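**Student:** Need the 3D shape of this:
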Amino acid sequence: MKKMKKLYVFVLVIVLVMAGGCGGKAKQTTNVETEKAETGQADAEKTDTEKTLTIGLIPQSTLYVFYDYVKKGAEDAAKEAGYSINYQGTTTDTDGTGQRQIVEDMMVTGIDALAISATNADAVNDLLKSLEVPVIAWDCSVDPSACKTTVSVDHYKAAQSAAEYMIEKCPEGGKFAVISTNAGNAVIQDREKGFMDKMKSQEGFECIGPFYTNGELEKAANTMQDLLTENPDLKGVFMVNEGSTEGACQTIKNENREDILAVGYDTSESLIIYVLEGYLDGMISQNPYGLGYNSIKQAVAAIEGQTDFPEKMENDFVLVTSDNIHEAEITKVLDPLGTMNLN
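**Tutor:** Residues are numbered from 1 along each chain as shown. Below is the predicted model:
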């Protein structure tokens, strides 16, 4: 009997030990699962906190090299701040409807701010006003109530500087023409008006145009050809953007008309070559790298809570000629990608 009691006690002890062990193990498993759940939640919170913020960047089009330089400046500014860029644009600089669709698509995929160069302000003003993210306008004119600020060159003043240069080079006066891109674009109108107002204010200077080419190189080249044919007394020509400048220079080079005083607007490798060859006397470069860089800086400031912005933030411009094209400050503006070996 005593042996049975001892055996009973022994078995009971083993059962209790096993039960305690299993209970401890079950509790330990529960703690691990809880820990994993808490860790997962913390990881999710960490992911949300550290998620890279994205700024939408929309050019007037992807048609010109100019916008590649803008994109480079924007990417550098975003990288400095730990942000990313969603860069999209239409293939022409007249597609206001397409640009509006890009804005809508970006809002669906998710952006934290938008930096846009509106092709047609009337096509996007209402949409921009409805956005819940900050909007920075650049190189365009939109309703001031639709954006925090506008980063842009003073295009009227820049075009006037082109006229002043041509007046200095041709003080005797004469007939000058303006080759433009598309009518109705506020920025382009400022360039046309700045140049023509200055020219017409000078005694002995005649200004004809603007002649519209819709930004097409071939059409700009043909327009330049027509001007040379129909105006044998033509002294010079001002072109308002990259496309019109390159097209006109093609004709000037083909006709070997180095006697035509030519000044363009915007920057590209092709235009730089025309300056170096002597077929383009000067070009207004509005520092496209700086335009992209400063636009993203303003977008970052808006995301991070800044509320006080100027209505317009003026971006620099330079008049590039064969005399200054190799200067360090000029090459920095002309070749932000560092691929042209201008020094």
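
**Student:** The residue lying closest to residue 98 once chain neighbours are set aside: how many residues sit nearby?
**Tutor:** By the measure of Cβ to Cβ, 6 or more residues apart in numbering, the closest residue to residue 98 outside its immediate chain neighbours is residue 90, 4.1 Å from it. All C-beta spots, glycine's among them, are computed from the backbone N, C-alpha and C. By other Cβ atoms under 10 Å, the residues close to residue 90 number 21.

**Student:** Just say helix, strand or coil for residue 90.
**Tutor:** Three-state call for residue 90 (DSSP: H, G, I helix; E, B strand; the rest coil): coil.

**Student:** residues touching it, list them.
**Tutor:** By Cβ atoms under 8 Å, 6 or more residues apart in numbering, residue 90 lies in contact with 61, 62, 98, 99, 102, 119.

**Student:** where's it relative to residue 64, distance?
**Tutor:** As judged by Cβ to Cβ, to the nearest Å, residue 90 and residue 64 stand 12 Å apart.

**Student:** Flag the helix or strand of this structure with the lowest per-element mean pLDDT.
**Tutor:** The weakest-scoring helix or strand in the chain, judged by mean pLDDT, DSSP states H and E, is helix 2-50 (a mean of 40).

**Student:** where along this structure do the helices fall?
**Tutor:** 2-50, 66-81, 96-109, 121-130, 155-169, 186-200, 217-230, 242-254, 269-277, 288-303, 328-334 (DSSP state H).

**Student:** Nearest to residue 179 among the ones you listed would be which one?
**Tutor:** Across those, residue 179 has its closest neighbour in helix 242-254 (4.7 Å, Cβ to Cβ).

**Student:** pLDDT averaged over that closest one - what is it?
**Tutor:** On average, the pLDDT along helix 242-254 is 97.

**Student:** How far away from the center of its chain is it?
**Tutor:** Taking Cα atoms, centre = their mean, to the nearest Å, one finds the center of helix 242-254 at 24 Å from the center of the full chain.

**Student:** From the rest of the structure, what touches it?
**Tutor:** 63-66, 179-181, 213, 215-225, 228, 237, 239, 257-258, 260, 262, 264-268, 270-271, 274, 277, 279-280, 283.

**Student:** Going through the residues you listed, which ones are buried?
**Tutor:** 63-66, 179-181, 213, 215-217, 219-225, 228, 237, 239, 260, 262, 264-268, 271, 274, 279-280, 283 (16 or more other Cβ atoms under 10 Å).

**Student:** and the spatially closest residue to residue 269 that is not a sequence neighbour, how many neighbours does it have?
**Tutor:** Nearest-residue entry for residue 269: residue 340, 6.0 Å, with adjacent residues in sequence omitted and distances by Cβ to Cβ, 6+ apart. Neighbour count for residue 340, taken as other Cβ under 10 Å: 12.

**Student:** now swap in residue 122 and tell me
**Tutor:** Other residues lying near residue 122 total 12 when counted by other Cβ under 10 Å.

**Student:** does it really touch residue 96, like I thought?
**Tutor:** Yes - under the criterion of Cβ atoms under 8 Å, residue 122 makes contact with residue 96 at 7.5 Å.

**Student:** got the contact list for residue 260?
**Tutor:** If you count contacts by Cβ under 8 Å, 6+ apart, then residue 260 has 228, 234, 235, 236, 237, 252 around it.

**Student:** Can I get those residues in CSV including distance to residue 114?
**Tutor:** Output for the contacts of residue 260, formatted as CSV (distance: Cβ to Cβ, whole Å):
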residue, distance to residue 114
228, 43
234, 43
235, 44
236, 40
237, 36
252, 39
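
**Student:** of all the residues you listed, which two lie farthest apart?
**Tutor:** Across the contacts of residue 260, no pair lies farther apart than 235 and 252, at 13.0 Å, counting by Cβ to Cβ.

**Student:** and these two? which has more neighbours close in?
**Tutor:** Remark: of residue 235 and residue 252, residue 252 carries more neighbours, 23 against 19, as counted by other Cβ under 10 Å.
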